[in-house]
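Novice: sharing a model prediction with you, sequence too.
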Amino acid sequence: MSQHLARLEQAGIVEVVTQGRHRYFRIASDEVGLLLETLGGLEIPVPAARARLARAPEELRFARSCYDHLAGELAVRMYRHLLDEQHLTPVPGGLRVTASGRASFAELGVNHPESEMVRPCLDWTERRDHLAGPAAAALFTTMLERRWIVRGTRPRSVRITAAGRRGLAETLGLTTS
């Protein structure tokens, strides 16, 4: 497997993201993603005996803590929204919160120095980035304090509340289901 991944990396099809002792591989570009989506549309017979991949429980997939910040589908959607709205901008070594981002974070009750860098964190269930760093930790804490999210029944799981749905819609324009 390692040899195959190394070849895909050398060909520019995947790239490696290292987090601690883990190495995650992700699609290297939008063009490669489009190619894979096109190939995925082909009907290729799949052997019935093929093993299915294990899935995380829904309660952990939608929202959970990742160290001191929010993770899961909800966090990935928030991260994508912050990038799309240009509240975050990529810079060497991570991301920077923009002026509009600082205003949005302040509206959410999170204040931090203008120069503070944040970083992406690869989500293990979504295989996409969510936001990490001090601003993400402060946002997670604020969401808990405002009871926009509450702890779930499993370790690390959190649930979004009705107040959280309203708050995210009002402050970020982000709708959740």
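Specialist: Received it, and whenever you're ready, just let me know what you need.

Novice: right, and residue 143 touches residue 161 too?
Specialist: No. Here residue 143 does not reach residue 161: they are 9.5 Å apart, not a contact under CB atoms under 8 Å. Backbone N, C-alpha and C define where each C-beta goes, glycine included.

Novice: so those two - more neighbours on which side?
Specialist: residue 143 (26 against 15; other CB atoms under 10 Å).

Novice: got the confidence number for the more buried one?
Specialist: As predicted, residue 143 sits at a pLDDT of 94.

Novice: what strand or helix carries the residue positioned nearest the centre of the chain?
Specialist: With distances taken as CA atoms, centre = their mean, the chain has residue 130 as the residue nearest its mean C-alpha position (2.4 Å). Residue 130 is part of strand 129-132 when elements are defined by DSSP states H and E.

Novice: same question for residue 18.
Specialist: strand 14-19.

Novice: tell me the buried residues in the lowest-mean-pLDDT helix or strand in the chain?
Specialist: When the helices and strands of the chain are scored by mean pLDDT, DSSP states H and E, helix 30-40 comes last with a mean of 73. Across helix 30-40, burial judged by 16 or more other CB atoms under 10 Å covers residue 32.

Novice: pLDDT wise, what is the closest residue to residue 175 other than its chain neighbours at?
Specialist: Counting by CB to CB, 6 or more residues apart in numbering, the nearest residue to residue 175 once its immediate chain neighbours are dropped is residue 169, at 5.6 Å. Here the pLDDT value assigned to residue 169 is 91.

Novice: which SS state does residue 169 fall under?
Specialist: helix (DSSP: H, G, I helix; E, B strand; the rest coil).

Novice: quick check: it touching residue 160?
Specialist: No. Using CB under 8 Å as the test, residue 169 is too far from residue 160 to be in contact (11.2 Å).

Novice: so for the two, which sits in the more crowded spot?
Specialist: It is residue 160, of residue 169 and residue 160, that has more neighbours when counted by other CB under 10 Å, with 19 against 12.

Novice: which residue packs closest to the more buried one, ignoring adjacent ones?
Specialist: Distance criterion CB to CB, 6+ apart; nearest residue to residue 160, sequence neighbours excluded, is residue 149 at 5.5 Å.

Novice: again, but for residue 74
Specialist: Spatially, and ignoring its direct neighbours in sequence, residue 74 is nearest to residue 63 (4.3 Å; CB to CB, 6+ apart).

Novice: list the contacts for that neighbour?
Specialist: Counting by CB atoms under 8 Å, 6 or more residues apart in numbering, residue 63 touches 70, 71, 72, 73, 74, 75, 149, 152, 157, 158, 159, 160.
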